[in-house]
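Colleague: attaching a predicted model along with its sequence, questions to come.
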Amino acid sequence: MGPGPAAGRRDSDYGTNVAFRTGLSARGIRWLLAVTGPTVVLPATGTPVTAWARRRPGITVDQIAADHRYRARRFVYRAKTADHPARSGWFVAIPVHIAGIIEREHIASTAGRLLPQRTLLVQWRRKRGGNIFRSWITDLPADTPLAVLVRHATSRWYIETDYREMEQALGLGDYEGRTYRGFHHHVTLVSEAHLFCLEHRLNPKDGDTASASTRSWLCSRPR
């Protein structure tokens, strides 16, 4: 199974921002954005829904998620390593229309005036009991496999981990210059060092032939 279409990932401050979502779509950028439980949606049934469909009252993400929790499937989205325990969760994908007032006002100003179908992805820590752990809405194709949605949604941990390693172990945060040229040069060197370490982690050399530099604590860390 391929990785699926690339998607921009952001937290709920962006996920609830209609202008931000619209801007990404206008630029042809697919998105998968975190949303909060009170976000208003409509269940997608395959029937076109106009922006101000009075016979279709909106419900919250929390409410629609509770109705579909029985369909949730478990995924391990981060394998156990020497530094971190394994992480898993129960996920379900639900076809919806975003139906908040600002969203409706925006769609009402378009030619079609139809609410686009999106996919709501919801995560719980366990199958039964407890509240929603995280939720996202995406404009990725409706037939995107659940495993691909989960991989996209949970990949931010790797991004944050890579950034922390670049900042703390490879010197990204040590730049003290004052010019863009100097900063660009510094970031380029740090990025090349990080790429080298990442390549070594993904394709480790034989322990007897690897040089001392490639056996550094960073480049040998399991992902």
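Modeller: Good, I have the coordinates.

Colleague: show me where the protein has strands.
Modeller: Ranges of strands within the chain are 8-10, 31-34, 40-43, 59-60, 73-78, 87-98, 117-124, 134-138, based on DSSP state E.

Colleague: of the ones you listed, which approaches Arg201 most closely?
Modeller: strand 73-78 (15.0 Å; Cβ to Cβ). (C-beta placed from N, C-alpha, C; glycine too.)

Colleague: chain center to the closest one, what's the gap?
Modeller: Taking Cα atoms, centre = their mean, to the nearest Å, one finds the center of strand 73-78 at 15 Å from the center of the full chain.

Colleague: alpha carbons of it, as CSV, please.
Modeller: Once non-C-alpha atoms are left out, strand 73-78 reads as follows in CSV (Å, rounded to 0.1, in the frame of the first residue of the first chain):
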residue,chain,number,x,y,z
ARG,A,73,-10.2,-0.3,14.6
ARG,A,74,-6.9,-0.5,16.5
PHE,A,75,-3.7,0.7,15.0
VAL,A,76,-0.2,0.8,16.4
TYR,A,77,1.1,4.1,15.0
ARG,A,78,4.4,4.2,16.8
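
Colleague: tilt between it and strand 117-124?
Modeller: 80 degrees (axes from the mean of the first three to the mean of the last three Cα atoms, to 10 degrees).

Colleague: relative to strand 87-98, how tilted is strand 73-78?
Modeller: Using the same axes, to 10 degrees: strand 73-78 against strand 87-98 is 120 degrees.

Colleague: quick check: buried residues in strand 73-78?
Modeller: By neighbour count on 16 or more other Cβ atoms under 10 Å, the buried set for strand 73-78 is Phe75, Tyr77, Arg78.

Colleague: one more: stretch 188-197?
Modeller: Neighbour-count burial for stretch 188-197 flags Val190, Ala193, His194, Cys197 (criterion: 16+ other Cβ under 10 Å).

Colleague: center of the chain - which residue?
Modeller: Residue closest to the average C-alpha location in the chain (Cα atoms, centre = their mean): Ala153, at 3.2 Å.

Colleague: next, the contact list for that residue, please.
Modeller: Shown in contact with Ala153 (Cβ atoms under 8 Å, 6 or more residues apart in numbering): Arg9, Leu32, Leu121, Gln123, Arg134, Trp136.

Colleague: over to Thr50?
Modeller: Arg113, Leu114, Leu115.

Colleague: that older thread, which of the buried residues of strand 73-78 sits closest to Arg178?
Modeller: Using Cβ to Cβ, Arg78 is the member of the buried residues of strand 73-78 that lies nearest Arg178, at 39.3 Å.

Colleague: need the nearest residue in space to the closest one, chain neighbours excluded.
Modeller: Using Cβ to Cβ, 6 or more residues apart in numbering and skipping residues adjacent in sequence, the residue nearest Arg78 is Arg87, 4.0 Å away.

Colleague: who is Val122 paired with across the strands?
Modeller: Val92, Ser135 (DSSP bridges).

Colleague: contacts only, for it.
Modeller: By Cβ under 8 Å, 6+ apart, the residues touching Val122 are Val61, Ala65, His68, Arg69, Ala72, Phe91, Val92, Ala93, Ile94, Ile132, Arg134, Ser135.

Colleague: ok, so of these, who is nearest Pro43?
Modeller: Ile94 (7.6 Å).

Colleague: wait, that closest one touches Arg118, no?
Modeller: No. Because the distance of 9.5 Å does not satisfy Cβ atoms under 8 Å, Ile94 is recorded as not touching Arg118.
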